[in-house]
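> quick one, what's the 3D model for this:
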Amino acid sequence: MFKLLKNGHVYSPEDLGVKDILLWEDRVIKIGEGLKIPEGFEGAEFDLSGKIIIPGIVDTHVHITGGGGEGGFTTRTSEITFEEIAEAGVTTLVGVLGTDGYARRVEDVLVKCMALREEGFDCYFLTGSYTFPITTMRGSVAEDIIFNEYCLGTGEVAHCDHRGSLMRYEEFTRLAADTRNGARLAGLKGVLNIHLGNYPDPADFFIRACEEDITFRPLIVPTHVTRKYDVFDSCLKFLEYGGQIDITAGSDGDASQKSYGSVEGLEIIYKKYGTLDRVTMTSDGNGSAPIWDELGNMIGMGKGSSKVLLADLKKATKNGIIPFEETLRTMTTIPAAVYGLKNSAGKIVENGTANFAVLDENLDLVETILNGNLVWLKGKGVVR
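Numbers count the residues shown, from 1 in each chain. Predicted structure coming up:
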């Protein structure tokens, strides 16, 4: 059946202005003005006047099976649910294992990935774990990537963090090489997602590796880069070198802890370079958010949520430093490119999948449309 979305302000993520979008089942057939349902066909028309239509959010760092456990068994966070994803406007996501690679396994991430795909989400995953040697399914990173079409690379692997294994440089480069080689054989771009802790100068590893072998540069994706001033400064060197960095959304920063807020970090980059190319924002959804004392003892625990992405989009827009569509790219087309997604993820384009988030004039989510179907509605929740 045809569906016609009328008079919405469309960001593809480029600003297309007020347009109509004609859908057939799960596909975008036409974007334009004055569109009509083809004569002789059944269809439904929806007036989205005053609403903003953006691509479904691409969240490339989600603990789909839950994370945590740093404070004991009761601190393990739960698997992500359909509603938690839909209420965040997310339609594409990449699952990662996280801190616990002992009691939780990559196989669990794979199974959850397939379950989310059955529910209609465009879901992928990474093999590996925080600690080194990393956890895999088949005994090697390369084989995990080669023999599963939804495995895009390796991560998140801890670097410069007290919960990691303090990888030596040779171990890091071997992991990067195995990831690259597996991705090449599978016809993928390949990603090595690196969790950063608080230790200084984490990007020295990345730049040294890339100077020795430039093919590592598009592979390495350091995340949580705003957590400390010096960590952020180090990662800017990698960005200037031609690499990419990921900012974890939802942080307000804390000057007393020498950490930047997520939007603050985004604004620093935009002011300095005039663009956010090769900068992504992700949620760390359903991961643990532990609070540590000065000796590394956990004194509190929170849980990540994918909803922080749209919250940061709203915050950045209201600050007025970064154009709306530029911030939007960091959670749509840029992560799709960094992770090598070959479909229409993060875009509203003709012949693409009809995955949208619909916002009101206050930039609050009012609808999530997944594969052409309304699945979440403000005030009602899941409506599938």
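> run through the strands of the stretch 51-200 of the chain in chain order.
Assigned by DSSP state E, counting those that start in this stretch, the strands in the stretch 51-200 of the chain fall at 52-55, 57-62, 90-95, 122-127, 151-159, 191-196.
> as a quick check, tell me the outermost residue of the protein.
Going by CA atoms, centre = their mean, the residue of the chain most distant from its centre is G40, 41.4 Å out.
> quick check: N286 touching V308?
No: between N286 and V308 there is no contact under CB atoms under 8 Å: 11.8 Å. All C-beta atoms are positioned from the backbone trio N, CA, C, and that covers glycine.
> looking at these two, which has the bigger crowd around it?
Counted by other CB atoms under 10 Å, N286 and V308 do not tie: N286 has more neighbours, with 25 against 22.
> distance from the chain centre to stretch 201-213, please.
23 Å (CA atoms, centre = their mean, to the nearest Å).
> show residues contacting it.
159-160, 169, 172-173, 176-177, 194, 196, 216-217, 220, 222, 230-231, 234-235, 237-238, 241-243 (CB atoms under 8 Å, 6 or more residues apart in numbering).
> which of the residues in it are buried?
202-203, 205-207, 209-210 (16 or more other CB atoms under 10 Å).
> again with stretch 29-48
29, 31, 35, 37, 46, 48.
> reformat the residues you listed as JSON lines; add secondary structure and distance to K315.
Converted to JSON lines, the buried residues of stretch 29-48 look like this (DSSP: H, G, I helix; E, B strand; the rest coil; distance: CB to CB, whole Å):
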{"residue": "I29", "secondary structure": "strand", "distance to K315": "34"}
{"residue": "I31", "secondary structure": "strand", "distance to K315": "28"}
{"residue": "L35", "secondary structure": "coil", "distance to K315": "34"}
{"residue": "I37", "secondary structure": "coil", "distance to K315": "38"}
{"residue": "F46", "secondary structure": "strand", "distance to K315": "29"}
{"residue": "L48", "secondary structure": "coil", "distance to K315": "24"}
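> and the helices in the stretch 201-350 of the chain?
With DSSP state H, counting those that start in this stretch as the criterion, the stretch 201-350 of the chain has helices at 203-212, 229-240, 262-273, 308-319, 324-329, 333-338.
> same question for the stretch 51-200 of the chain.
82-86, 106-118, 141-146, 169-186.
> quick check: buried residues in the first one?
With burial defined by 16+ other CB under 10 Å, the residues of helix 82-86 counted as buried are 82, 84-86.
> any idea of the mean pLDDT in it?
Regarding helix 82-86, the rounded mean pLDDT is 98.
> what does it contact?
With contact meaning CB under 8 Å, 6+ apart, helix 82-86 is reached by 93, 116, 119, 121, 285-286, 305-306, 368, 370, 375-376, 381-382, 384.
> show me how far that helix is from its chain's centre.
With CA atoms, centre = their mean, you get 15 Å for helix 82-86.
> then the second one?
Relative to the mean C-alpha coordinate of its chain, helix 106-118 is positioned 17 Å out (CA atoms, centre = their mean).
> what about R384, how many residues nearby?
12.
> what distance do you get for the spatially closest residue to F172 that is not a sequence neighbour to L359?
Computed as CB to CB, 6 or more residues apart in numbering, the closest residue to F172 that is not its neighbour in sequence is F205, at 5.5 Å. Remark: distance between F205 and L359 (CB to CB, to the nearest Å) = 39 Å.
> make sure V96 is actually in contact with Y124.
No: V96 lies out of contact with Y124 (CB under 8 Å); the separation is 10.3 Å.
> of the two, who's got more company?
Between V96 and Y124, counted using other CB under 10 Å, V96 has the larger neighbour count: 30 against 24.
> contacts only, for that one.
61-64, 109, 125-126, 155-156, 193.
> how about those residues in a markdown table, adding distance to V279, pLDDT and neighbour count?
Below are the contacts of V96 laid out as a markdown table (distance: CB to CB, whole Å; pLDDT from 0 to 100; neighbours: other CB atoms under 10 Å):
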| residue | distance to V279 | pLDDT | neighbour count |
| --- | --- | --- | --- |
| H61 | 14 | 98 | 30 |
| V62 | 18 | 97 | 29 |
| H63 | 22 | 96 | 29 |
| I64 | 23 | 97 | 28 |
| V109 | 25 | 97 | 26 |
| F125 | 23 | 98 | 28 |
| L126 | 19 | 98 | 30 |
| G155 | 17 | 94 | 29 |
| E156 | 17 | 94 | 29 |
| N193 | 15 | 98 | 26 |
